[in-house]
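In: Give me coordinates for this.
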Amino acid sequence: MKKIKDRQCLLLKTKDKREFLTEKKNYSLLLEFSKKFSLEVSVVKIKKATILELSELAAAFCNPNHLNEEITYELIETKISQIKKPRNNIIKTSGKLDEYIKKEFLAGKIISLKKIKRRFSRYELTDSCLCNHIRKIRKELESEGYKINKDKTEYNII
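Out: This next block holds a predicted model:
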């Protein structure tokens, strides 16, 4: 925990209006975390506040009784908005993704996380989400009698 004056840092806002400050350098480390917990992540300029290290941030986030100090800041940029996608859009996207993966497998093509991620980048899905879809379709095809070969980070039907 550091008391900082006149500096830019990351502001994490939760749905229940709790706010946490951490270093800007932690942004890439907090991407999956912020998506999983629907956090709004912004770059702010603070006059004077306490900035949490990652370990302190995790403990504070998990503690519902964590007391936030009054933070005065100037918003510089919103990196990740808290806006959630409507449920029907998520279901449609999920169906498209499953259909694409299955079609690629059955066409004898090689499937990889990198390829799927590039193809579906506009949906801003996490790596774990994409991997779960690949795993789901792989298990489905294996239960239908197909043999799936995994070579490092790529899959294909044998």
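In: Show me the chain divided up by domain.
Out: 2-80, 87-157 (automatic domain parsing).
In: Pipe those into TSV and attach mean pLDDT and mean neighbour count per row.
Out: C-betas here are computed from N, CA, C, even on glycine. Converted to TSV, the domains of the chain look like this (pLDDT from 0 to 100; neighbours: other C-beta atoms under 10 Å):
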stretch	mean pLDDT	mean neighbour count
domain 2-80	87	15
domain 87-157	90	14
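In: quick one, phi psi at the spatially most central residue of the chain?
Out: Residue closest to the mean C-alpha point of the chain, counted by C-alpha atoms, centre = their mean, is E32 at 2.9 Å. E32 has phi and psi values of phi -60, psi -40 when expressed as degrees, to the nearest 10.
In: Let me know whether it touches L125 as I believe.
Out: No - if you go by C-beta atoms under 8 Å, E32 and L125 don't touch, sitting 11.0 Å apart.
In: Skip ahead from the longest helix along the chain and say which helix or strand is next.
Out: For the chain, the longest helix by residue count, based on DSSP state H, is helix 87-106. Once the chain leaves helix 87-106, the next helix or strand it forms, by DSSP states H and E, is strand 111-112.
In: quick one: the helices in the chain?
Out: Under DSSP H, the chain gives helices at 27-36, 54-62, 87-106, 113-119, 127-143.
In: Dump these into TSV; add distance to K47 as well.
Out: Shown next, in TSV, are the helices of the chain (distance: least, C-beta to C-beta, whole Å):
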stretch	distance to K47
helix 27-36	21
helix 54-62	21
helix 87-106	39
helix 113-119	40
helix 127-143	37
